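S.K.: quick one, structure for this:
(one chain, ligands or ions: 1)
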Amino acid sequence: MTEKPEPVGLTRGLTNYGDMDFARYLRLSMARSMGLSSELLRKPVVGIAATYSEFNNCHRQVPELVAAVKRGVLAAGGLPLEFPTISLGEVFLNPTSLFFRNLMAIDTEEMVRGQPMDAVVLVGGCDKTVPAQLMGAVSANVPAIQVVTGPMMTGRWRGERLGACTDCRRFWAKFRAGEIDADTIEEVEGNLATTAGTCAVMGTASTMASLAEALGMMLPGTAAIPAVHADRIRAAEASGAAAMMLAAKRITPDRIITEKSVENALRVLLAIGGSTNAIIHLTAIAGRAGITVDLNRLNALSDTTPVLVDLKPTGPFYMEDLHVAGGIGAVLRELKPLLHLDALTVTGETLGERLAAEPGYVDRAVVRTREEPLQPEGGLVALFGSLAPRGAILKRAAADPKLFEKEARAVVFTSLEDLAARIDSPDLDVTADDFLVLQNAGPLSPSGMPEAGYLPIPAKLARAGVKDMVRISDARMSGTAYGTIVLHVSPDAASGGPLGLVRNGDRIRLSVKERRIDLLVEEAELARRRAEAPAAAAMPKRGYARLYKEQVLQADEGCDLDFLRAEPSCPSAGRATD
Ligand code: FES
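M.R.: So this is what the prediction gives:
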């Protein structure tokens, strides 16, 4: 018996009426109503996951990028079909965009799997959209390529270059310290984010764009192209053409997102001094492929990966500077001896083939050599100890080394509300030598793990000139922020982790050298506190909030929903078979 050829384009995944020939006939007759020729309707289909939303400033130019992707698909002989998905604008969501990341990943996965497409182009950009799209694409396992919206250009204000959002925080700190007045901060507000695109520094969006390229899921050289640059539009067009190649060769995400490419992405994360959020997102993306990101492995990689890129929030430069300095290609070439060069990319070539073919211009002010790095070790480090049995993260590249080996008194805030109510109180019993501790801001807290780990310096200390303190929480931190900030403490306080047992005046010991963070309180006392802990918050009665609360994992597991991960022992679990 001759085998039936695999269906292509609109004849994939037919709606089931119990008569497949009828289903094909009905679908094609409905598709005719879109005004498409019968010739086009027979072509391979490239879906375009479009995330334009007026609630997402970072995606303002998505329609222009989608139009360019369509040109690329058409020129390569395919039929491009755009479809909307959830869009997550970082500052427009309550409680947090992370809370909705998994919902967007479900939307992306199911629409990619449920609609007839031979490949998909994922157009995203703002912090949580790229990880959500990659998570969904890995689970759907349809040939996929990522296009990002690209970073904003910087603006100018009184002779200074400004870019969202490290400079947002810098000026807000000045305002809190009384160094600038309300009129000035309002003027600054109008000059921080002046073009389309994602935040202009090495924040979470830029980090995730860089990791998408390092993973091999995005075209070479496209992570750092500014949103408003004509090259960005050309990159989108080229990605449409590449999607046609991926469809023809059936190069699926499980061939690209492997243990090797995830490790390459971790190396790049460390070398660019990337956002702490990215470790959560990369863990979640890898988890969809059945790959575990072990924080001990992160430490081992961190010890042997230098920081090479000098962007804000740790250095003086912006993403537009990285683009003209050589982009992520320059970073990858510098890291070459440390990378798995046989990892496949969306070009159909391996990473090694890509790097061998690239020209070599690098601006060494922005991307350093391995011999003369900015820092000899990686930007992130995982800490373990009695306060964080499953780990915590410190972005040492953005922290003050003078605070790395220190024992101090805890000043505790039990929630975001408590923090807001007391942090600036003149009566707050706090000195610059204390550790500020925020509880109940983790994934299981009602606040949904906000970027609140960058606790403000108490106003009276800020006015006295204190710029940094050790701050510890189960929250996250914006990739654009900086300071000696211990984040993602796992398990979180809301799930009964030791962080919730800290009381004012307890001693905490931090040792970055030993990779430890310990609560120096006797076990008997901790047991007593555990016994009198308040009951867990009520389960939401319905909707996505209930699903989230029932299923969300801790930070060390990527905060994905448990039932969406692939089984580590069964990497193809949860994948479409077509
Ligand atoms: Fe979208 Fe910063 S707000 S990337």
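S.K.: in terms of helices and strands, where is the closest residue to Pro426 other than its chain neighbours?
M.R.: Counting by CB to CB, 6 or more residues apart in numbering, Lys460 is the residue found nearest to Pro426 once chain neighbours are left out, at 6.0 Å. C-betas here are computed from N, CA, C, even on glycine. Per DSSP states H and E: Lys460 is located in helix 459-463.
S.K.: give me the contact list for that helix.
M.R.: By CB atoms under 8 Å, 6 or more residues apart in numbering, the list of residues contacting helix 459-463 from outside reads 173, 176-178, 423-424, 426, 428, 430-432, 456, 469.
S.K.: buried sites along the helix or strand of the chain with the lowest mean pLDDT?
M.R.: The weakest-scoring helix or strand in the chain, judged by mean pLDDT, DSSP states H and E, is helix 166-176 (a mean of 89). For helix 166-176, burial by neighbour count (16 or more other CB atoms under 10 Å) applies to 166-173, 175-176.
S.K.: next one: stretch 7-15
M.R.: Those would be 9-14, for stretch 7-15 by 16+ other CB under 10 Å.
S.K.: which bits of the stretch 1-150 of the chain sit near the ligand?
M.R.: 58, 90-91, 126-127 (CB under 6 Å from any ligand atom).
S.K.: identify the residue nearest the most centrally placed residue in the chain in space, chain neighbours excluded?
M.R.: Most central in the chain under CA atoms, centre = their mean is Ala278, positioned 4.2 Å from the mean C-alpha point. In this structure, Ala278 finds its nearest non-sequential neighbour in Thr207, 4.4 Å apart by CB to CB, 6+ apart.
S.K.: cool, Leu103 as well?
M.R.: Tyr544 (5.5 Å).
S.K.: residues from this structure in reach of the ligand?
M.R.: So the chain meets the ligand at 58, 90-91, 126-127, 164-165, 198-199, 203, 205 (CB under 6 Å from any ligand atom).
S.K.: tally of neighbours for Thr184?
M.R.: Residues lying near Thr184 (other CB atoms under 10 Å) number 15.
S.K.: check what pLDDT it gets.
M.R.: Per-residue confidence (pLDDT) for Thr184: 95.
S.K.: dump the residue contacts of it.
M.R.: Counted by CB under 8 Å, 6+ apart, Thr184 has contacts Phe175.
S.K.: swap in the one 10 residues further on?
M.R.: For Thr194, the set of contacting residues under the criterion of CB under 8 Å, 6+ apart consists of 152-155.
S.K.: let's go with 10 Å and repeat that
M.R.: 152-157, 162-164, 200 (CB atoms under 10 Å, 6 or more residues apart in numbering).
S.K.: closest one to the ligand out of these, please.
M.R.: Nearest to the ligand, judged by CB to the nearest ligand atom, of the contacts of Thr194 is Ala164 at 6.0 Å.
S.K.: need the next SSE after the lengthiest helix in the chain, C-terminal direction.
M.R.: Using DSSP state H to define each element, the chain has its longest helix at helix 230-249. Next along the chain after helix 230-249, taking DSSP H and E as the criterion, comes helix 253-256.
S.K.: could I get the next helix or strand after that following helix in PDB with only the CA atoms?
M.R.: Counting by DSSP H and E, the next helix or strand C-terminal to helix 253-256 is helix 259-271. Extracted in PDB, the C-alpha atoms of helix 259-271 (Å, rounded to 0.1, in the frame of the first residue of the first chain):
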ATOM      1  CA  GLU A 259      21.000  20.600  26.400                       C
ATOM      2  CA  LYS A 260      23.800  22.000  24.300                       C
ATOM      3  CA  SER A 261      22.000  25.100  23.000                       C
ATOM      4  CA  VAL A 262      20.600  25.800  26.500                       C
ATOM      5  CA  GLU A 263      24.100  25.700  27.900                       C
ATOM      6  CA  ASN A 264      25.300  28.000  25.100                       C
ATOM      7  CA  ALA A 265      22.400  30.400  26.100                       C
ATOM      8  CA  LEU A 266      23.500  30.200  29.700                       C
ATOM      9  CA  ARG A 267      27.100  31.200  28.700                       C
ATOM     10  CA  VAL A 268      25.800  34.100  26.800                       C
ATOM     11  CA  LEU A 269      23.500  35.200  29.700                       C
ATOM     12  CA  LEU A 270      26.500  35.200  32.000                       C
ATOM     13  CA  ALA A 271      28.800  37.000  29.500                       C
END
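S.K.: doesn't the residue nearest to Ala278 fall inside a helix?
M.R.: Yes: according to DSSP: H, G, I helix; E, B strand; the rest coil, Thr207 belongs to a helix.
S.K.: mind checking how far stretch 295-313 is from the chain centre?
M.R.: When C-alpha coordinates are averaged (CA atoms, centre = their mean, to the nearest Å), stretch 295-313 and its chain have centres 16 Å apart.
S.K.: going forward, the N-terminal residue is numbered 57.
M.R.: In the new count, where the first residue is 57, that last one comes out as stretch 351-369.
S.K.: the ligand versus Ile573, what's the distance?
M.R.: 29 Å (CB to the nearest ligand atom, to the nearest Å).
S.K.: how distant is the helix or strand harbouring that residue from the center of its chain?
M.R.: Taking DSSP H and E as the definition, one finds Ile573 inside strand 572-575. How far strand 572-575 lies from its chain's middle: 27 Å, per CA atoms, centre = their mean.
S.K.: thanks a lot, see you next time.
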